[in-house]
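J.: starting from these lines, generate the structure:
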Amino acid sequence: MSKRARVEWRGYIPAITTPFDADQALDLRAMGELLEWLEAEGMHGLVIAGTTGEWTSLSAAERKALFTAVGEQVGRRLPLLAGCTAFTAREVTDFANHAGEHYFDGILVTPPPYLRPSAEEIVAFFEEVSRHSRLPICVYNWPPGTGIDMPLELLQRLAEIENVVAIKQSTSDLRRFVQTFFALNDTVRIFGHTMDEHGLALLQARGGDGTMGAGGVLGREHPDFYNHLWAGNIDAARECGRKDRLTLDRWYTPELVGRFGSGPAVLKAALNVQGLPGGKVRPPLHDVADAHLDTIRETLAAAGRM
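T.: I've put the predicted structure just below:
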């Protein structure tokens with residue numbers, strides 16, 4: 001049996017924001033409201049404390065408190081992946097084991113950021129995480145955040161590690177994504193399908209697992225892309241994908257870097273203007289300037305959200 005069969009992760013699984021209040025304190029009440037909305041909008045799962053969730057400014061105690069609160073609220077109802085990226089495997093497994101105690105189903109982990117480790121060091125890192133954590137692992141290739149775009153040969157080695165069951169392939173190079181998908185999709189789940197004509201063509205021709213997108217700020221338009229696809233209603237899926245593409249084209253560069261603020265800041269602003277609990281970002285990030293909020297509102301209106 002391939003390792004991909006160990007988990008049932010599929011569809012649209014957003015990496016969600018972490019609300020902070022006006023004093024930039026972790027706001028678990030607002031997080032509870034956000035979870036309630038995301039679940040009602042039909043998300044197929046959630047990633048907590050990923051890049052979008054600003055793990056970089058969470059203390060270890062805060063990240064664990066977040067996992068506890070989220071797991072207690074929606075664990076066992078939605079697939080939950082804990083963002084456990086850290087500089088050492090020991091830190092990763094500490095977060096992973098805590099998440100596992102609170103109904104999380106897996107972990108999402110990049111290679112150690114900033115350090116730019118070698119291929120051998122990356123393999124050893126994930127092997128250590130696999131040895132010391134029981135949760136299934138989704139390897140996250142995130143070049144803008146790590147400075148490393150892991151080649152296929154390295155991803156193939158990582159896919160052989162016992163607890164690795166999925167890869168989130170977030171390279172901006174479509175060719176690299178397709179290469180990864182065809183080489184490894186029979187072994188592990190591959191996330192990163194674009195919700196556009198390229199993605200539809202691949203999903204219709206060869207199937208696929210889904211998208212771990214950012215924020216879920218368009219509500220059910222995101223999961224409905226897959227719901228319509230699975231039901232055979234391609235035109236409806238295409239329309240959902242068109243709305244998702246609006247946000248990508250207007251808010252991000254082709255390298256998936258925010259055009260007028262960091263990714264978390266843009267997504268929190270999009271939630272806030274809809275009356276949803278986005279909250280503020282923490283330093284060193286800045287909230288989106290008021291001058292750009294009209295662009296966010298116009299995009300949401302074009303997507304039918306306002």
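J.: contacts, neighbours, all on C-alpha from now
T.: Fine.
J.: quick one: low-confidence residue ranges for the stretch 51-200 of the chain.
T.: By pLDDT under 70, the stretch 51-200 of the chain has no low-scoring segment.
J.: all helices of it, in order?
T.: 60-74, 89-100, 119-132, 143-146, 152-159, 174-184, 197-206 (DSSP state H, counting those that start in this stretch).
J.: just those: most buried one?
T.: helix 89-100 (a mean of 21; mean count of other Cα atoms under 10 Å).
J.: grab the nearest non-local neighbour of residue 268.
T.: residue 278 (4.3 Å; Cα to Cα, 6 or more residues apart in numbering).
J.: tell me how far residue 174 lies from residue 255.
T.: As judged by Cα to Cα, to the nearest Å, residue 174 and residue 255 stand 11 Å apart.
J.: which neighbours do the two share?
T.: Residues touching both residue 174 and residue 255 (Cα atoms under 8 Å, 6 or more residues apart in numbering): there are none.
J.: quick one: average pLDDT of the longest helix that the chain contains?
T.: Longest helix in the chain by number of residues (criterion: DSSP state H): helix 234-251. Across helix 234-251, pLDDT averages out at 96.
J.: give the buried residues for the very next helix or strand once past it.
T.: Per DSSP states H and E, the first helix or strand lying C-terminal to helix 234-251 is helix 263-273. For helix 263-273, the neighbour count (16 or more other Cα atoms under 10 Å) marks 263, 264, 265, 266, 267, 268, 269, 270, 271, 272, 273 as buried.
J.: then stretch 47-55?
T.: 47, 48, 49, 50, 51, 52, 53, 54, 55.
J.: tell me the SS of residue 47?
T.: Going by DSSP: H, G, I helix; E, B strand; the rest coil, the secondary structure assigned to residue 47 is strand.
J.: ok, what's across the strand from it?
T.: residue 15, residue 81 (DSSP bridges).
J.: only alpha carbons, please: show stretch 260-278 as PDB.
T.: In PDB, the C-alpha atoms belonging to stretch 260-278 read as follows (Å, rounded to 0.1, in the frame of the first residue of the first chain):
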ATOM      1  CA  PHE A 260       1.400  45.900  -1.000                       C
ATOM      2  CA  GLY A 261       2.100  44.100   2.200                       C
ATOM      3  CA  SER A 262       3.100  40.700   3.500                       C
ATOM      4  CA  GLY A 263       0.900  37.700   2.800                       C
ATOM      5  CA  PRO A 264      -0.500  37.600   6.300                       C
ATOM      6  CA  ALA A 265      -1.200  41.300   6.300                       C
ATOM      7  CA  VAL A 266      -3.000  41.200   2.900                       C
ATOM      8  CA  LEU A 267      -5.200  38.200   4.000                       C
ATOM      9  CA  LYS A 268      -6.000  39.700   7.400                       C
ATOM     10  CA  ALA A 269      -7.000  43.000   5.700                       C
ATOM     11  CA  ALA A 270      -9.300  40.900   3.400                       C
ATOM     12  CA  LEU A 271     -10.900  39.300   6.400                       C
ATOM     13  CA  ASN A 272     -11.200  42.600   8.300                       C
ATOM     14  CA  VAL A 273     -13.000  44.400   5.500                       C
ATOM     15  CA  GLN A 274     -15.500  41.600   5.300                       C
ATOM     16  CA  GLY A 275     -16.300  42.000   9.000                       C
ATOM     17  CA  LEU A 276     -14.500  38.700   9.800                       C
ATOM     18  CA  PRO A 277     -11.800  38.200  12.500                       C
ATOM     19  CA  GLY A 278      -8.600  39.000  10.700                       C
END
